[in-house]
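Student: Turn this into a model:
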Amino acid sequence: MTNNNQKLPTPLVLFDATSIPLNRGGVGRVIESTIPFLSQNTHFDFHVVCKAEHATEFQMITSKVHVAPRRVSHTAYRLWWEQTGLPRLAHSLKAQLVFSPHYTYPLRGKFARVVMIHDLTFFSLPQLHSRFKRLFFRSWIRRLARNTKIGVVTPSSATAQEFYHLAPNAPRRTTVALLGYDNSLFSPPSARDITAFTSTLTPPVTQWIAFLGTLEPRKNVPALINAFSSLPSSLTTNTALLLSGGPGWDEAVEPAIMKAQLGGLNVRKLGYLPQEQLKSFLGGAELVVYPSLGEGFGLPVLEAMACGAAVLTTRELSLPEVGGDVAFYTDTDAMSISENLAELLKNPSSLARAKTLGPERAKTFSWASTAEAMAQAISKELSGRSL
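Tutor: As a prediction, this is how the structure comes out:
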């Protein structure tokens, strides 16, 4: 006879953090920002497996950290280890579930799975990805769509809806976990903060339009540069266009910058900025422009609003979920971007209102809420497995 008061053992969940890239990026921020909250969840016994170079920082959060072989720093080896070493580790720990936060996951193993897919632009915007990435991620996403026994987490309703087109049965096993931001890094800067940032620029800049993101084709940066170049000289004489983020692989960016500079415009690539400078870069800008052709979420829009920036973005995929009625919107072509830029730069009262409302809009998003939704997805899969 079973004792109904007998406490069931806490299920062990193994989180695979080995996919954090060297430069962190958006996926790295999602993983690093949610693990502290997931590790505090009392409904399951939470373990993390990570690269050796990230072990120390995760050990500051939880003692239940497992270090993968050093060679997982190489993508090919990591993908092989995911199919061999990760299942062995999960079985040795008697893990009931493995959480895979970046598209791929172990195909075999006597444990439940939850997989996070960040966007489906490999299908909706295939021309913006390399042939290898397009084939690789399409293959994994299609495999995930066919497997009805795996839980799925998406960072927006737009991404979930795209996934539903591939997997009609997906709604019952998909959880939307809107992303968050770190309010210790992203908040309205003081005048002193902004002065400290501008003092690092040579030559100095007092007014600027900001872009933050990897310079990849999906971000549509050449259209932004061409739009800036098309503005009346009265709006660009004392204003710079500053681009911050990873170098990416958009070969049209450099020619667009050179053309703008030859035309006498102040257009600069800043590369990666230290995290402590981002709030001044974003919050001190006249306007932050994010003209993306499509996003799974759009962290730069959220982070800019949190810093008290006025934001001009597009209505593509998830971006309206982030910007709401606080952000301004444009079509993706250079002419539309230029027209909207000009209208906003001539209307300081509209910009000021958006700068005031941005931080309040941003407060509706948090990493704690993201982690809570991820935990719900985990619990749902564990419950289904126990039935």
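Student: Residues in contact with the helix or strand of the chain with the lowest mean pLDDT: which ones?
Tutor: Within the chain, no helix or strand scores below helix 25-38, which has a mean of 88 by mean pLDDT, DSSP states H and E. The set of residues external to helix 25-38 that reach it, using C-beta atoms under 8 Å, 6 or more residues apart in numbering, is 15, 17, 19-21, 24, 46, 48, 57-58, 61-62, 101-102, 116, 118, 155, 179-180, 182, 214, 246, 297, 299, 367-368, 370-372, 374-375. For every residue, glycine as well, the C-beta is placed using N, CA and C.
Student: cutoff 6 Å now
Tutor: A17, I20, P21, F46, I61, P101, H102, L299, W367, A368, T370, A371 (C-beta atoms under 6 Å, 6 or more residues apart in numbering).
Student: Check which residues of that helix are buried.
Tutor: Within helix 25-38, the residues scored as buried using 16 or more other C-beta atoms under 10 Å are G26, V27, G28, R29, V30, I31, E32, S33, T34, I35, F37, L38.
Student: what's the spacing between F211 and A170?
Tutor: Distance of F211 to A170, computed by C-beta to C-beta, to the nearest Å: 34 Å.
Student: Now flag whichever of the contacts of helix 25-38 is closest to L93.
Tutor: F46 (11.3 Å; C-beta to C-beta).
Student: Sticking with that closest one, tell me its helix or strand.
Tutor: strand 45-50 (DSSP states H and E).
Student: Skip ahead from that strand and say which helix or strand is next.
Tutor: Downstream of strand 45-50, the first helix or strand assigned by DSSP H and E is helix 55-59.
Student: Go through the contacts of helix 25-38 and flag the one the model is least confident about.
Tutor: For those, the model is least confident at P21; its pLDDT is 76.
Student: now that residue: how far from A158?
Tutor: For P21, the distance to A158 - C-beta to C-beta - is 24 Å.
Student: between those two, who's got more neighbours?
Tutor: Set P21 next to A158 and count neighbours by other C-beta atoms under 10 Å: A158 wins out with 25 against 14.
Student: residue contacts, that one?
Tutor: Counting by C-beta under 6 Å, 6+ apart, A158 has contacts L317, S318.
Student: rewinding a little: in helices only, show me the contacts of helix 25-38.
Tutor: L299, W367, A368, T370, A371 (DSSP state H).
Student: Mind checking which of those are buried?
Tutor: Counted by 16+ other C-beta under 10 Å, the ones in helices among the contacts of helix 25-38 give L299, W367, T370, A371 as buried.
Student: Correct me if wrong: the second one contacts L179.
Tutor: No - contact status for W367 versus L179: not in contact, 7.7 Å apart, counting by C-beta atoms under 6 Å.
Student: coming back round to it: return the closest of the ones in helices among the contacts of helix 25-38 with respect to E339.
Tutor: Using C-beta to C-beta, these come closest to E339 at L299, 26.4 Å.
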